[in-house]
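Trainee: below: sequence and its predicted model.
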Amino acid sequence: MLVALYNQWSMWNGSRELLNRSIEQQAHLAATAFEQWVRAQQQTLSTISALAQNGTTDNAILREYLNSITRTRPSWLHVEIVSPTGDVLLAQTAKKWNMQATSIETLRSEIDVNRSLVVVTEQSTDKQLRLISMAMQLPDGNIAVARIDGASASDVFNQLELPEDHIIAVFDSNNRLIYRSQVSPEQLSLDISETPLQRALNRKQKGVVEMESPYDHIKRVYGLAEVEPVNAVVTVGAPAVGLYGSARQQFNQQLLLSLLIACLAIFAAFLIARSIVVPLQELIAAARAFGEGDLSARSAIEANPTIQELGLTFNVMAEKIVAREEKLKELDQLKSDFVSSVSHELRTPLTTIKTLTRVLQKNAIPETDRQEYLETISSECDRQIELVQNLLDLSRIESGTYHPTLEETDTSSMLRSVISLHKKAAETRDLTLELLIPKDPLPPVNSDPAALRRVISGLLENSLKYTPADGTIKLIAGQDGEHVVVEISDTGCGIAEEDLNRIFEKFYRGRPLAVSSVDASTNGDEYDACLSLEQVPGIGLGLYLVKVLVDQMEGRIEVKSPVVNGRGTSVAIVLPIYGNPTEHKPSGSPPQEIILQPLQIV
């Protein structure tokens, strides 16, 4: 029932809004009509302005034109041209009357504010006459002033054919009455300074307001519209009783009908309540239990299809929430592991640096040992710089401010340079590092040189970490159509199958395969050559950054593990040749086999 009453009230408000919109549109029409009337009068002043360019006091053509105005336009009672000091230079009067004319200072101040045509109102000593004063500044600084009978504006308003009980009024920029339909002499001189209408005009209010008229004390609904060229306001007022009466009567009738329908609806609702309320209560109980922590709570509604669908939707939502909770737990664990790894990565090298520095400061040691300590300190510093650089790059990538600059990059020179940088590290770990490239120079690729160097170095460093001693790491490169393929393969332990799809995730560290190998030097004794995650430094950012950089260079990366005899890892980077369009492989298609040209060992 309350809903029905609210609907009826909404209908009443809607009807009232339509009526208000209608009265507001009428005000805009009246404002447009008055603006057109003002522009028609302005054309005459513009003609006076044009004729006054050749002089004022001795201009016979101008005098004749002013005379013709007062003869042919009954509403134009007086025309004059005055100097800025108030001296009348030229005047023409249709008839004599006593009036309180607006001073030249008032007109000049209005012109300074409006910068154009000024329309104000004046009251003659004859209470029966209301004047409209229109002033325009001439090119020579003088002012043309026309005084027009305010009643003449009724002609343009009569064309609107508004209902007889609608009152049209026009107020100038100082909120003084210029025109009002159905006005008496007493009303023309009435002081309305402390009335709601005056306050609305002072606020430059627009739209629709409902208030009592200060002229006849009838409550009206007023539409207010501004005439911008002259900063005037036009109001159209309709009696509130006449405007809202029929709508209010219709509202009362519909309200009675709604009450009857509401009673019938209550009876019908009582009949079907049990078929709806009971299943909903079960759903509420399941939702409450789920909200209190019972993630296994589900809806088992078997009612009408609509409520059953609601229950199924709740169950789907619950499953998604459970999955999200599991994901959040996993992310929280990754964050904890990341913080732990970063702490370890920072603490261990710093401890080494601190220890070796104190040894160098306090002890006299042989030069060979001293040089070895310094190299260790330098290596640990480089390791810290790399860690900080990875964290900075992660921040730039996450914020979207990292953008590589793609340009022509010499592939062969790049690969030789990277191999040279990692040669000593490979020798230190008893690893064989090979570079295999075609005899002919590789075509240049379209990439960021610094980013490409970092990608290849990162993959080589990863292979160096996870490849046991006496292993082999190969850097192979060749051309495949419009692309250059760079492959890094090793004989390490490989990557677990369940980790292959996640090794490029942020902070994720894949586990090496637990593979036993046979070393000839041990006479057949088997040993586990694979290192645990705790034995290998890293925080799980290297491969993530590699994947991001390759994607931003419009390339792609492919991983295969194990490679041979259940061990080894192969990572291939495919980059577009400089000057050729990037090849876009259809989504879902299997990776193509990489075909390389004849290679040479360097």
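Mentor: Right, received. Where do you want to start?

Trainee: can you give the domain ranges for the protein?
Mentor: When the chain is parsed with automatic domain parsing, its domains come out as 2-244, 298-402, 405-601.

Trainee: which one of the ones you listed lies nearest to Ala287?
Mentor: domain 298-402 (6.6 Å; CB to CB). Any C-beta I mention is one placed from the backbone N, CA and C, and that applies to glycine too.

Trainee: end-to-end on that closest one?
Mentor: One end of domain 298-402 sits 46 Å from the other (CA to CA, to the nearest Å).

Trainee: also stretch 142-162?
Mentor: First residue to last in stretch 142-162 (CA to CA) measures 40 Å.

Trainee: start the count at 13 instead of 1 going forward.
Mentor: Sure, I'll start counting at 13 from here, so that last one is stretch 154-174.

Trainee: pull out the buried residues from it.
Mentor: Neighbour counts over stretch 154-174 (16 or more other CB atoms under 10 Å) mark 154-162, 164-165, 168-169, 174 as buried.

Trainee: how far does it sit from its chain's centre?
Mentor: Distance, stretch centre to chain centre, for stretch 154-174: 50 Å (CA atoms, centre = their mean, to the nearest Å).

Trainee: show the average pLDDT along that stretch.
Mentor: Averaged across stretch 154-174, pLDDT comes to 84.

Trainee: repeat for stretch 250-263
Mentor: 72.

Trainee: ok, stretch 286-298 next?
Mentor: Stretch 286-298 comes out with an average pLDDT of 78.

Trainee: who's in contact with it?
Mentor: 309-313, 315-316, 319-320, 322-323, 326 (CB atoms under 8 Å, 6 or more residues apart in numbering).

Trainee: now do stretch 174-187
Mentor: 38, 42, 46, 122, 125-126, 130-133, 165, 169, 172, 189-194, 210, 213-214, 225, 232, 239, 242-251, 254.

Trainee: out of the contacts of stretch 286-298, which sit inside helices?
Mentor: Of the contacts of stretch 286-298, the ones assigned to helices by DSSP state H are 319-320, 322-323, 326.

Trainee: still on that earlier bit, quick check: the farthest pair among the buried residues of stretch 154-174?
Mentor: Every pair of the buried residues of stretch 154-174 checked by CB to CB; the farthest is Asn154 and Leu174, at 39.7 Å.

Trainee: of the contacts of stretch 286-298, buried ones?
Mentor: Buried by 16+ other CB under 10 Å: 309, 311, 313, 315, 319, 322-323, 326, out of the contacts of stretch 286-298.

Trainee: quick one on the thing from earlier: want to throw the ones in helices among the contacts of stretch 286-298 into JSON lines with pLDDT?
Mentor: Listed next are the ones in helices among the contacts of stretch 286-298 as JSON lines, based on pLDDT from 0 to 100:
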{"residue": "Ile319", "pLDDT": "77"}
{"residue": "Gln320", "pLDDT": "77"}
{"residue": "Leu322", "pLDDT": "80"}
{"residue": "Gly323", "pLDDT": "81"}
{"residue": "Phe326", "pLDDT": "83"}
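
Trainee: for the protein, which segments count as helices?
Mentor: Here the chain has its helices, by DSSP H, at 14-63, 72-84, 116-126, 166-170, 197-200, 208-214, 252-303, 317-374, 379-411, 423-440, 461-478, 554-564.

Trainee: reformat the ones you listed as JSON lines; add distance to Val100.
Mentor: Conversion of those to JSON lines gives the following (distance: least, CB to CB, whole Å):
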{"stretch": "helix 14-63", "distance to Val100": "14"}
{"stretch": "helix 72-84", "distance to Val100": "12"}
{"stretch": "helix 116-126", "distance to Val100": "9"}
{"stretch": "helix 166-170", "distance to Val100": "29"}
{"stretch": "helix 197-200", "distance to Val100": "27"}
{"stretch": "helix 208-214", "distance to Val100": "32"}
{"stretch": "helix 252-303", "distance to Val100": "48"}
{"stretch": "helix 317-374", "distance to Val100": "85"}
{"stretch": "helix 379-411", "distance to Val100": "74"}
{"stretch": "helix 423-440", "distance to Val100": "93"}
{"stretch": "helix 461-478", "distance to Val100": "85"}
{"stretch": "helix 554-564", "distance to Val100": "81"}
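
Trainee: compare those helices and give me the one nearest Lys451.
Mentor: Checking the helices of the chain against Lys451 by CB to CB gives helix 423-440 as the closest, at 10.7 Å.

Trainee: what comes up buried for the closest one?
Mentor: Of the residues in helix 423-440, 423-424, 426-427, 430-431, 434, 438 count as buried by neighbour count, 16+ other CB under 10 Å.

Trainee: show residues contacting that helix.
Mentor: The contact list for helix 423-440 (CB under 8 Å, 6+ apart) reads 444-445, 447, 449, 453-457, 461, 464-465, 468-469, 472-473, 476, 485, 487, 489, 496, 498, 614.

Trainee: ChimeraX command for the buried members of the contacts of stretch 174-187?
Mentor: A single ChimeraX command suffices to select whichever of the contacts of stretch 174-187 are buried according to 16+ other CB under 10 Å:
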select :38,42,46,122,130,131,132,133,165,169,189,190,191,192,193,213,225,232,239,242,243,244,245,246,247,248,249,250,251
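
Trainee: could I get the ones in helices among the contacts of stretch 286-298 in CSV, plus columns for distance to Ala52?
Mentor: What follows is the ones in helices among the contacts of stretch 286-298, written out as CSV (distance: CB to CB, whole Å):
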residue, distance to Ala52
Ile319, 70
Gln320, 72
Leu322, 67
Gly323, 72
Phe326, 70
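
Trainee: can you pick out the most distant pair from the contacts of stretch 286-298?
Mentor: Longest span within the contacts of stretch 286-298, CB to CB: Ala309 and Asn316, 22.0 Å.

Trainee: turn the domains of the chain into a markdown table, columns for distance to Leu295.
Mentor: As requested, the domains of the chain are exported to a markdown table (distance: least, CB to CB, whole Å):
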| stretch | distance to Leu295 |
| --- | --- |
| domain 14-256 | 22 |
| domain 310-414 | 5 |
| domain 417-613 | 38 |
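
Trainee: Pro208 is in contact with Met223, isn't it?
Mentor: Yes. At 4.3 Å, Pro208 counts as touching Met223 under the criterion of CB atoms under 8 Å.

Trainee: which one of the buried residues of stretch 154-174 sits closest to Ser34?
Mentor: Closest to Ser34, out of all of those and judged by CB to CB, is Leu174, at 10.9 Å.

Trainee: quick one, phi/psi of that closest one?
Mentor: The phi/psi pair for Leu174 (degrees, to the nearest 10) reads phi -80, psi 160.

Trainee: out of the contacts of helix 423-440, which are buried?
Mentor: Applying 16+ other CB under 10 Å to the contacts of helix 423-440 flags 445, 447, 449, 454-457, 461, 464-465, 468-469, 472, 476, 485, 487, 489, 496, 498 as buried.

Trainee: quick one: Ser95 from Arg395, how far?
Mentor: Separation of Ser95 from Arg395 (CB to CB, to the nearest Å): 91 Å.

Trainee: ok, the buried residues of helix 423-440 vs Leu587, which is closest?
Mentor: Comparing the buried residues of helix 423-440 against Leu587 with CB to CB places Thr423 closest, at 8.2 Å.

Trainee: need the pLDDT of the closest one.
Mentor: For Thr423, the model assigns a pLDDT of 89.

Trainee: so what's it closest to, chain neighbours aside?
Mentor: Counting by CB to CB, 6 or more residues apart in numbering, Thr423 lies nearest to Leu454, which is 4.1 Å off, once chain neighbours are set aside.

Trainee: then Ile500?
Mentor: For Ile500, ignoring the flanking residues on the chain, the nearest one in space by CB to CB, 6+ apart is Leu471 at 4.5 Å.

Trainee: next, count neighbours for that neighbour.
Mentor: For Leu471, the neighbour count with other CB atoms under 10 Å is 25.

Trainee: pretty sure it sits against Ser582.
Mentor: No. Using CB under 8 Å, Leu471 is not in contact with Ser582, being 10.4 Å away.
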